[in-house]
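# Model the following, please.
(4 chains, ligands or ions: 4)
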Number of protein chains: 4
Amino acid sequence: MISGSILKAVVYEEYAPDDNYAKILKVKDIPDPKPKANEVVFKLKAAALNYNDIWGMRGVPIAIPLPHVSGSDAAGDVVAVGEDVKTIKVGDRVVSHSNLSCRTCALCTSGREFDCTNRQVWGFQTGPLWGAYSELVHLPEVNVSKIPEGVSYEDAAAASMTILTSWHMLVGRAKITPGQTVLIMGGGSGVGSFGIQIAKLYNCTVIATASADKLDKCKALGADYAVDHRKEDWHKEVFKITKDIAAKTGVRPGIDLTFDHIGETHFNKQLTLLNYGGTLVSCGATTGYDAKIDLRHIFFKGINVLGSTQGTKAEMDLGLYWMGKGKIKAEIDSTYTFEQAAEAHTKMLSGKFFGKIMMKPENA
Amino acid sequence: MISGSILKAVVYEEYAPDDNYAKILKVKDIPDPKPKANEVVFKLKAAALNYNDIWGMRGVPIAIPLPHVSGSDAAGDVVAVGEDVKTIKVGDRVVSHSNLSCRTCALCTSGREFDCTNRQVWGFQTGPLWGAYSELVHLPEVNVSKIPEGVSYEDAAAASMTILTSWHMLVGRAKITPGQTVLIMGGGSGVGSFGIQIAKLYNCTVIATASADKLDKCKALGADYAVDHRKEDWHKEVFKITKDIAAKTGVRPGIDLTFDHIGETHFNKQLTLLNYGGTLVSCGATTGYDAKIDLRHIFFKGINVLGSTQGTKAEMDLGLYWMGKGKIKAEIDSTYTFEQAAEAHTKMLSGKFFGKIMMKPENA
Amino acid sequence: MISGSILKAVVYEEYAPDDNYAKILKVKDIPDPKPKANEVVFKLKAAALNYNDIWGMRGVPIAIPLPHVSGSDAAGDVVAVGEDVKTIKVGDRVVSHSNLSCRTCALCTSGREFDCTNRQVWGFQTGPLWGAYSELVHLPEVNVSKIPEGVSYEDAAAASMTILTSWHMLVGRAKITPGQTVLIMGGGSGVGSFGIQIAKLYNCTVIATASADKLDKCKALGADYAVDHRKEDWHKEVFKITKDIAAKTGVRPGIDLTFDHIGETHFNKQLTLLNYGGTLVSCGATTGYDAKIDLRHIFFKGINVLGSTQGTKAEMDLGLYWMGKGKIKAEIDSTYTFEQAAEAHTKMLSGKFFGKIMMKPENA
Amino acid sequence: MISGSILKAVVYEEYAPDDNYAKILKVKDIPDPKPKANEVVFKLKAAALNYNDIWGMRGVPIAIPLPHVSGSDAAGDVVAVGEDVKTIKVGDRVVSHSNLSCRTCALCTSGREFDCTNRQVWGFQTGPLWGAYSELVHLPEVNVSKIPEGVSYEDAAAASMTILTSWHMLVGRAKITPGQTVLIMGGGSGVGSFGIQIAKLYNCTVIATASADKLDKCKALGADYAVDHRKEDWHKEVFKITKDIAAKTGVRPGIDLTFDHIGETHFNKQLTLLNYGGTLVSCGATTGYDAKIDLRHIFFKGINVLGSTQGTKAEMDLGLYWMGKGKIKAEIDSTYTFEQAAEAHTKMLSGKFFGKIMMKPENA
Ligand SMILES: [Zn+2]
Ligand SMILES: [Zn+2]
Ligand SMILES: [Zn+2]
Ligand SMILES: [Zn+2]
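Residues are numbered from 1 along each chain as shown, chains lettered A, B, ... in the order given. Ligands and ions are numbered 1, 2, ... in the order given. The predicted structure follows:
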C-alpha cells in the first residue's frame, strides 16, 4: 500500500548460491522511504530485471547488503520531493538513472561519473532495502529523469540502464560517426538491440551477430546484415560482408567499430576484423573474462580497445529523447508481478527471452 | 564570534550607485549558518575581492539580493559538516569553488557546469546574506576543495575563482598545447598573471601585454616577452616578436592562442595576429562590450573565438594542485580587515594594485 | 578537341571590373596539359560556377594570374595518369577537390590542409591557364576523387567545393551531433542547401532561413522549419520556434549550432539565439565583413565562433559517399556551354537562381 | 664517392636467418639516385640502427626486397632537389621521416598517415636498394625535415623514427596531460628514454621501469621514480609509489597512463595498475605477442588500450622542435662505419647498449 506507513517490496535476507530464488524472495512490507532534501519519491509503475539481480542473490562476485531489495530500473509517478529538489515535481512521470556516483569528486565534476571510484549501481550494490522492486522508490533528484511524452513507464524502465550502457559505449566512448561499418555482437541481447538502433540513428552500416533464432529480430531492429555467431567461421562471414559493402560504396573493407559484451570466446576474432584505427568497445564478458589476444593486431593497426561501464545522466536523457522521437524502442519480453519474482528471475537465468523481463507491483 | 549563535559579517542593505561604499558597508552580526545535509561550514581565514563585489554594491547590471554579504573567494577551517558530506571533515583546510550550478541538468552531468543555465556566482548572485565576508561560511560539499599542503589560506582564497577562470580559458576551452606561441593580454591582472603561469606550465612561448609599469612583473611571472599595450602599435610589436621566435625555432610567425579579457579596444587587433587555425579565448571585456570585427580574419584563417565563464570544480582542483607543487603562485596586493571593507573596495575601483586585494575577519 | 595537341577552353586575358564578361571571355585553343608524375588528366564532362569566378574576372580582391582559365569544380573521365599515380586509372570517373595545399607542411600532414598557409583555390588563384573550363583538366592525384556509382558528372561537379565547404563547417569544425537544434542561414544557397541536408543526415532539428520565395525549397530539402530572414524580426520567429521544439521534446530553447555565410547584417542576432555553449560557424560574409558584436554573448554564454574555409579531401569524399547513398543531392539550376560562359556568369551575378549553374564543353 | 655516378652503400643480396650478418653485408657501389620531381637527395652524415634492420636481414616476418639497402633513420646535407620541391633547398641540413604513406587516401588526408593501409617503413619494406645506409639518400620532400639549429646530424638521425614513435604514443594517441602519473615501461630503451622525456616535458610524474643497471639512467633522463621490472613484484612496487604520490598531492593512487612496448609478460599487470579511465598505449611487444588479459580490468574501469605505430610528419617535427630547445635529447651508444656494419648489428642483437647505435660512411 502507498498512503500508509508501510509498503510492499520484494525482499531477500540470505543468498541463493544454488539459484533457488523461490526460497529467498519474499514480498513483504518494508518501512516507508524518508526522502532526503535532495531526493524524489515515486510510486512504482514498472521495473526491469538485470543480470545484476542474479549476482546479488548469489552473493557473488560481491556480497551485497542484506536484507536486500533488488532492481536497478524503475519508472513511476512522483509522490513526494525533498526541499532542495528543483527540477522534478509531484505528479511527474520519471525513470531511474541507476549510476549512484559521488557527484563531488574531480571525475564526477568533469562529467565522468562512470569513472567515479565511489560509484555504485543502485539496487545492486546499495542497501539494505534500497532498490527498484518496491511500491515506493526513492532516489536523488540527479538520478531520476522525466519520461518523454509518448514513452510508457514499461518502455522507460526497460530502457533505463541498458540504453545508457549502449549509448555510452557507442557515443560516449567509441565516438560513433555516420558512415562507419559497425559490428554489434549479440544483437539479440538488451544492450545489443539498443546498439543496433543507436548505430542506425547515426546512419552507420550495421552488421549484427546473434544466435540463429534471433537474426530476424536483429534485422527488424534495423541491422543491414545479420550473422550467426555460433558458427565457427562467423568472422569470415562478417569479413566477406564488409568486402561487399566496400565494393559498393568505396569504404574500406573491415569493421570500423565493434560493440562487445561477449568477451573471451569472440574477442580476438573481433580484433582481426578491425580496420586500421578501428575501435572495439566492451561493456562485459558474458562468455568469460580471460581473453587471449594477439597484440600485433592492436599496435600494428593502431586499434582502440575501450572499456565502458554505465554512463552519464545526460547520456541516458539522450537515449530517452530518441525514444520520445520514436527512433529507438525498447524490447519487452514479458511482465511479472512482485509475487512472481522468482519465476521472472528464473526465466532470465534461462537465457530464453528477447528483450527485457519486467516486474510490477500487483496493482500498478 | 564563532562559538555562539551569531557572527560578524560585512553586510549592506542598499546599493551605492555612486561608489560610496563607506556609506553602505557595515560589520554586523548575522544568524549562524544552518548547514544542510550536503553542506560544509568553515571558519573564514582569508577572503579575496573581485570586481563582482563592486557590481553588486552598485546594483548594476543586476539587482542582487538585499541584505547582501558579498565575497566569492573564501578559505578557512572546517567546523561542521552535514550528514551526507563524505569527502570533507571537521578540521580540513578548505577553499571555495564559487560556481553554484544545479548539478542535475544535462550540462552539469556532462561536466559542463559552466554552461548550466542555472549557475550562480556565490557571493554575487546569491543571498540574502550568503557570501564570503563572514566569520562562518557555508557551501555545498561540491563547492569546497581541500587546500594542498604548502598553500596558505591567503593564497588559496586569492587564487580560487581567478585561477579557475584562467585555467578553464586556456586548458578547458582553448586546449593549450606545449610549444604554442601564446599572447596573454593584460598580464598584470589577476586572470592574466595566472594565464602567464599556466601557459608556462604548458611549456608555451609567452608574450604578455600590460601597462608599462607592470611589464617587469609579467616577466617575473615567466613571460618570455612583455609589450606595453597602451602603445597604439602594440600589435605590430607583438607580430615582430613572433617573427623573431619563428626565425629561431621554425614555428609559424603569428599567435597561436590569445587570452583576452580586455574586449572592445583590442579585440580586432588580436584577430589580425592569429595564425590560421588560431584561437582567441575571452572571459570578459573590461574596456567595453561592443567589438567591431572584420569577419574575414575569422573565416579565411579558420579562427576559433571562444567565450569562457567560470569552469569546473575539477579544473579549480588542478590549479590548486599546481600551486601545491610550487609551479603557480597567487599574487597578493594587500590585506584589509572587515572594518576596512570600504577602503579595500575603493582601492579595487582605483585599478592601482597588482594581485589580489584580501580581506580577513579581525581575529583570523 | 581531345586527341590532338590543342584543346578548347574559356580564357580571359584582362579583367572586367565593370562585370562585362562578354567582353573578356573567349573560347580558344590552349596547349595540351602535360601531366606531371603525380597528376591525373581528365576529359571534362561538367563544371560548376562559383562566386570565385566573378572575383577573378574583376581582379578584385586579388589580381589572379592572366591569361586565366577559371573554374574550381570539374568532373569527367580520366584519359591519362602520371607515372606515380596509384589510385586512379584511365577510364575512372572523377571529380576535382579544389583545395591545392602544399601537402608537406606540419598543418597538411596533421590533416589540416584547410589551415595550410600555402593553400590555393584551383581555378581561382592558380594559373596562368589552369582551371576547370577546359576540355582537358589536369590535377594532382590527391585533388581528384572517384565519383560513386549512381552520381552523375553534373551532380559531382555541382557538389565538389560546395559540399566540402558545408561538410567541413558542420562536421569538421562545429562537430554537429544528433539531436541538436541547428539554424541554417541562407538555406536557399549552395552551401545552405547542403547544410540543411547534412544536418538532417545527422538527425538534427533544422530551422532554415531564406528569402520568402525559397522557403518551400528549404523544406523540400529536409528543413523542419523555414523562416524569411528578410523580415526585421526573423530572429524572434526563430526563437519562438525553438521554444515550441523545447516544449515538445525537453531540449533547451535556443539554437545549438548556427551555420553562417551571411555575415554583417545577421551576425549578432545569431549570437543572441545561441544557447550556452552553442556554436556559430562561418564560411563567408555575403552582406559584408564588418560585424558589430556584443562580446557579452560570447563570453557569458561560453559561445564558440568558428571560422571555416575549404576542408580536407577526406571530407569531400564523405560528402560524395552520402550522395552515392542517395542521402544528399546537389541542386542544379541550369547548364550552359563554353560559348555561353558570359551569360552563365551574368546569371550568377544576378542572384536569381537556386542551385548550381553548370557549364560544359560543346560536345561533352 | 658523391660527385660521380656511383656511390657506396651497405648492401645484402640474401637473407641471414642465422644472424650471421658478416656473411651477407657488403659495402659496394650502387647507382646514383635519380631524384623524382618531388624528391630530395642528401649526402649522408649519420644513420641509426633499428630492430627493423635485423628483421630485414632475417627475411622474417616479411621477405623484404633484395638486393637490399637497410636503414630507416638518416641525416645529412641536401645536394639536389626535384623540380616540384618547395620547402627544402640545396645545403639544408635534413633528417628522414621514415613513414612512407600514400599521401592521397582518406586517412592520409585526414592527418592519419599512420593508419594508411599503404604505408611502408622506409629502409625496411622499401627496395630494392632504397634505405639509409648509403652515401646518397633520396626521399620525397614530405619525408624530410629540416634539422633545428643546435641539433647535430647524429642526434637528429638517432631521434627520427624513435622520437616519432614515442611522441605519437603519448601525445597523439594517449593525449598525455600535465599532472598525470605516467608509467614508462622499459625506460632504458630508445622509445622509453624519449617517453620519459616527453612525459616530463608535459609536466607529468614519471615512474620508469628498467633492468637494474639502467635505473640510474632513467632518473638522469628525468624519471621521478625507477623500478626494476625484472622483479616478480615490480607492479606492487609501482603501486606503492603511486600511493605515496597520492598521499603527498591528493591525486588518485594508481597509474593514469602506461607506455608499453614489452607486451606479453607485463601486459596484464599494467592493466591492474591503471586508474578508472586510465590508458595503456602500446607500440610493440618485445617479449611476445600473446597476451592474456582479464577483461574485467578493461570494462569495469573504463580503460583505454591503444595501439600505436609510427606517427605523422608533424609529430616528428614537434619532437625535433623540443630537441632544438634543449628539452629532449637523443641517447647515442656508439658509432660504426659502413665497413663495420655487421659488428654494429651484432651489437644491437646483443641488447647490450643504451641509446642508439649509429653508422656513418667512412668519410662523413
Ligand atoms: Zn565521483
Ligand atoms: Zn546544471
Ligand atoms: Zn601545407
Ligand atoms: Zn594513405
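# When you work out contacts or count neighbours from here on, use the C-alpha atoms and nothing else.
OK.
# Helix, strand, or coil at the spatially closest residue to A:H168 that is not a sequence neighbour?
Counting by C-alpha to C-alpha, 6 or more residues apart in numbering or on different chains, A:G311 is the residue found nearest to A:H168 once chain neighbours are left out, at 5.2 Å. Put simply, A:G311 is coil when judged by DSSP: H, G, I helix; E, B strand; the rest coil.
# unless I'm mixing things up, A:G311 is touching A:G111, no?
No. Counting by C-alpha atoms under 8 Å, A:G311 sits too far from A:G111 to count as a contact (9.5 Å).
# For A:G91, grab phi and psi.
Per-residue torsions, A:G91: phi 100, psi -20 (degrees, to the nearest 10).
# I figured it hits A:G76, correct?
No. A:G91 is beyond contact range of A:G76, at 9.4 Å (criterion: C-alpha under 8 Å).
# more neighbours, these two?
Taking other C-alpha atoms under 10 Å in any protein chain shown, A:G91 and A:G76 do not tie; A:G76 has more neighbours (29 against 13).
# Could you verify that the more buried one is part of a strand?
Yes. Under three-state DSSP, A:G76 falls within a strand.
# Next one, pLDDT for it please.
Listed pLDDT for A:G76 reads 98.
# In contact with it, which residues?
A:G76 is in contact with A:F42, A:K43, A:L44, A:K45, A:A46, A:R93, A:V94, A:V95, A:Y153, counting by C-alpha atoms under 8 Å, 6 or more residues apart in numbering or on different chains.
# Out of these, grab the one that's most surrounded.
Each of the contacts of A:G76 was scored for neighbours by other C-alpha under 10 Å, and A:V95 scores highest at 31 neighbours.
# tell me the contacts of that residue?
A:V95 sits in contact with A:D73, A:A74, A:A75, A:G76, A:V144, A:S145, A:K146, A:I147, A:Y153, A:A156, A:A157, A:S160, where contact means C-alpha under 8 Å, 6+ apart.
# mind running it again at 6 Å?
Residues near A:V95 by C-alpha atoms under 6 Å, 6 or more residues apart in numbering or on different chains: A:A74, A:A75, A:V144, A:S145.
# any weak-confidence spans in chain A?
Low-confidence segments of chain A (pLDDT under 70): A:1-6.
# the helices in it, which residues?
Secondary structure of chain A (DSSP state H): helices located at A:21-24, A:51-58, A:153-167, A:190-201, A:215-220, A:234-249, A:267-273, A:295-300, A:313-324, A:341-350.
# Out of these, indicate the one that is most buried.
Highest mean neighbour count among the helices of chain A (mean count of other C-alpha atoms under 10 Å in any protein chain shown): helix A:153-167, with a mean of 28.
# okay, now A:A291: neighbour count?
Neighbour tally, A:A291, other C-alpha under 10 Å: 18.
# Okay, and the beta partners of it?
Beta-bridge partners for A:A291, by DSSP bridges, are D:I293.
# okay but the residue nearest to A:H168 is in contact with A:C116, surely?
No. Using C-alpha atoms under 6 Å, A:G311 is not in contact with A:C116, being 10.6 Å away.
# Neighbour count: these two, which is higher?
Using other C-alpha under 10 Å, the more surrounded residue of A:G311 and A:C116 is A:G311, with 27 against 23.
# For the more buried one, give its distance to chain D.
Separation of A:G311 from chain D (C-alpha to the nearest C-alpha, to the nearest Å): 10 Å.
# How about A:R230?
21 Å.
# How about the residues of chain A by chain B?
Counting by C-alpha under 6 Å from any C-alpha of the partner chain, the residues of chain A close to chain B are A:T104, A:A106, A:T109, A:S110, A:G111, A:V142, A:A314.
# Whichever residue of chain A sits closest to ligand 3: neighbour count?
The minimum distance from chain A to ligand 3, using C-alpha to the ion, falls at A:G277 (23.6 Å). As a burial measure, A:G277 scores 22 neighbours (other C-alpha under 10 Å).
# That one and chain B: what is the separation?
23 Å.
# OK, contacts around that residue?
A:G302, A:I303, D:D115.
# give me every residue that touches the nearest residue to the first one once chain neighbours are set aside.
So the one you mean is A:G302. Leaving aside its sequence neighbours, A:G302 sits nearest to D:G307 (C-alpha to C-alpha, 6+ apart; 4.1 Å). Residues near D:G307 by C-alpha under 6 Å, 6+ apart: A:I298, A:F299, A:G302, A:I303, D:V281, D:S282.
# Show the overlap between these and what lies near ligand 4.
Among the contacts of D:G307, not one lies near ligand 4 by C-alpha under 5 Å from the ion.
# I'd like to know which of those residues is nearest to chain C.
Checking the contacts of D:G307 against chain C with C-alpha to the nearest C-alpha, the nearest one is A:G302 at 16.5 Å.
# you'd agree the closest one is up against D:S308?
Yes. Using C-alpha under 6 Å, A:G302 makes contact with D:S308 at a distance of 4.6 Å.
# re earlier: in TSV, list the helices of chain A along with distance to ligand 1.
What follows is the helices of chain A, written out as TSV (distance: least, C-alpha to the ion, whole Å):
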stretch	distance to ligand 1
helix A:21-24	34
helix A:51-58	21
helix A:153-167	18
helix A:190-201	25
helix A:215-220	36
helix A:234-249	39
helix A:267-273	31
helix A:295-300	31
helix A:313-324	13
helix A:341-350	31
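# and of these, who's closest to B:G250?
Nearest to B:G250, of all those, is helix A:295-300, at 31.7 Å by C-alpha to C-alpha.
# Just the CA atoms of the closest one, as CSV, please.
Output in CSV follows, covering the C-alpha atoms of helix A:295-300 (Å, rounded to 0.1, in the frame of the first residue of the first chain):
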residue,chain,number,x,y,z
LEU,A,295,48.9,-7.8,-29.5
ARG,A,296,50.1,-7.3,-33.1
HIS,A,297,46.5,-6.5,-34.1
ILE,A,298,46.4,-3.8,-31.6
PHE,A,299,49.7,-2.0,-32.1
PHE,A,300,50.2,-2.6,-35.8
